[in-house]
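Asks: using only what follows, build the 3D model:
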Amino acid sequence: MPAAPPAPSGGGSELRQAIARVRDEVGKAVVGQEGAVSGLLIALLARGHVLLEGVPGVAKTLMVRTFSRALGLDTKRVQFTPDLMPGDVSGSLIYDAKTGEFEFREGPVFTNVLLADEINRTPPKTQSALLEAMEERQVSSDGVTRPLPDPFLVCATQNPIEHEGTYTLPEAQLDRFLIKLIVDVPARDAEVAVLRRHADGFSPRSLEEVRPVVSAEEIRAAQEAAAAVTATDDVLAYIVDLARATRQSPSVQVGASPRAATALLAAAKAWAWLGGYPAITPDHVQAMLVPVWRHRIQLRPDAEIEGVSVDAVLGSVLQQTRVPI
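Replies: Here you go, the predicted model:
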């Protein structure tokens, strides 16, 4: 996805600039991942969640830690392992010997930014503990529903090449992520810059130079402003045509669902707002289509054997679908 939107313009520019400063703060610790940082911002504005996929050592965890620090939000990290239980994530009832009653002890999901490290290393039963939190932004236990803090963002990471001791994320779990970002090894110049920073004494364990540049109230205001971006009937029809084209592709077994279409709309709205546009255009839809749909499309087995990729299929769908003028 593009690294940054066009220069902010129009009404609400001060709020947009406050949000955009988050990117500058993250850049103090993370080099060469501007596109992924923009994806995190879009997910935050669209009230969605992010799945970060990349090999070890490309700064996935550091990026999320720096991002949440720049936001000034409460952050908790869960290292997902095969023995992790659902209660370890959402919380559980604990018996209090003094009162003789059970009380609910909140799990790490009760935070603003939850870093779910290596989410595919835990069984589906534990992964399902996140479903209600991600979709309903609440946790139900013993008949009591407890709301999660607002804003709430799940940033999950996974390794695409190591499969031993991992579990495939269920389709229902994948569908809860607004965006899937591929975090690649940075370009040569960026990698040299990384080494220069470490040579000069930078430590990823200390982020003292990164400061909060936006408040929770500003984040909520930005989310409301992004949701208020309008869309014409032609652009809405364009999103539907793209979704229907994925279902008709000979390489696709399961295409984009209506919920995938609404997710694309939300992401396009956030991207348009960041660029100062009052309404989304086909360009915004096209920019968001691959990161929003790449984890929602299931290819046919024969297509996978032939080496067809989801990103290539989505690129073909974009080329073959008529764009409204």
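
Asks: what about the strands in the stretch 1-150 of the chain?
Replies: Along the stretch 1-150 of the chain, the segments classed as strands by DSSP state E, counting those that start in this stretch run 50-53, 75-79, 91-96, 101-106, 113-117, 138-141, 144-147.

Asks: make TSV out of these and add distance to Q17.
Replies: (Each C-beta comes from the backbone N, C-alpha and C, glycine too.) Shown next, in TSV, are the strands of the stretch 1-150 of the chain (distance: least, CB to CB, whole Å):
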stretch	distance to Q17
strand 50-53	23
strand 75-79	23
strand 91-96	38
strand 101-106	35
strand 113-117	22
strand 138-141	33
strand 144-147	31
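
Asks: can you put the ones you listed in CSV and add mean neighbour count, mean pLDDT and distance to A193?
Replies: Listed next are those as CSV, based on neighbours: other CB atoms under 10 Å; pLDDT from 0 to 100; distance: least, CB to CB, whole Å:
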stretch, mean neighbour count, mean pLDDT, distance to A193
strand 50-53, 24, 94, 21
strand 75-79, 17, 92, 26
strand 91-96, 13, 83, 41
strand 101-106, 12, 84, 40
strand 113-117, 24, 93, 24
strand 138-141, 16, 88, 41
strand 144-147, 11, 90, 42
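
Asks: wait, which of those strands is closest to V185?
Replies: strand 50-53 (13.0 Å; CB to CB).

Asks: just checking: what are the partner strands of the closest one?
Replies: strand 153-158 (parallel), strand 179-182 (parallel) (DSSP bridges).

Asks: follow-up on the earlier one: nearest to A43, of the strands of the stretch 1-150 of the chain?
Replies: That would be strand 50-53 among those, by CB to CB, at 4.5 Å.

Asks: so what's the gap between the closest one and the chain middle?
Replies: 6 Å (CA atoms, centre = their mean, to the nearest Å).

Asks: equivalent analysis for stretch 52-59, please.
Replies: Worked out by CA atoms, centre = their mean, stretch 52-59 lies 14 Å from the chain centre.

Asks: ok, now stretch 167-182?
Replies: Distance, stretch centre to chain centre, for stretch 167-182: 10 Å (CA atoms, centre = their mean).

Asks: that one: end-to-end distance?
Replies: Start-to-end span of stretch 167-182 (CA to CA, to the nearest Å) is 19 Å.

Asks: same thing with stretch 177-196?
Replies: Stretch 177-196 end-to-end distance (CA to CA) = 35 Å.

Asks: ditto for stretch 94-107
Replies: Chord length of stretch 94-107, first to last residue, is 12 Å (CA to CA).

Asks: over to stretch 218-238?
Replies: In stretch 218-238, first residue to last residue: 32 Å (CA to CA).

Asks: which of the residues in it are buried?
Replies: E218, I219, A221, A222, Q223, A225, A226, V229, A231, V235, Y238 (16 or more other CB atoms under 10 Å).

Asks: kindly report the same for stretch 247-256.
Replies: Buried residues in stretch 247-256, counted by 16+ other CB under 10 Å: S249, S251, V252, G255, A256.

Asks: which residues are in contact with the most centrally placed residue in the chain?
Replies: Centre of the chain computed as the mean C-alpha position; nearest residue by CA atoms, centre = their mean is V50, 1.6 Å away. By CB atoms under 8 Å, 6 or more residues apart in numbering, the contact list for V50 reads G39, L40, A43, L153, V154, C155, A156, F177, L178, I179, K180, L181.

Asks: D74: which of these is nearest?
Replies: The closest of those to D74 turns out to be L153 (CB to CB; 11.1 Å).

Asks: bridged to that closest one, which residues?
Replies: The partner list for L153 in beta bridges (DSSP bridges) reads V113.

Asks: all helices of the stretch 1-150 of the chain, in order?
Replies: 13-26, 34-45, 60-71, 86-90, 124-127, 129-136 (DSSP state H, counting those that start in this stretch).

Asks: can I get those in TSV with mean pLDDT and distance to P212?
Replies: Formatted as TSV, the helices of the stretch 1-150 of the chain follow (pLDDT from 0 to 100; distance: least, CB to CB, whole Å):
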stretch	mean pLDDT	distance to P212
helix 13-26	88	8
helix 34-45	94	14
helix 60-71	91	6
helix 86-90	89	26
helix 124-127	84	31
helix 129-136	88	24
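
Asks: now D74: how far from F67?
Replies: 13 Å (CB to CB, to the nearest Å).

Asks: picking up where we left off before, show me which of the buried residues of stretch 247-256 is closest to P324.
Replies: P324 has its nearest neighbour among those in A256, at 18.1 Å by CB to CB.
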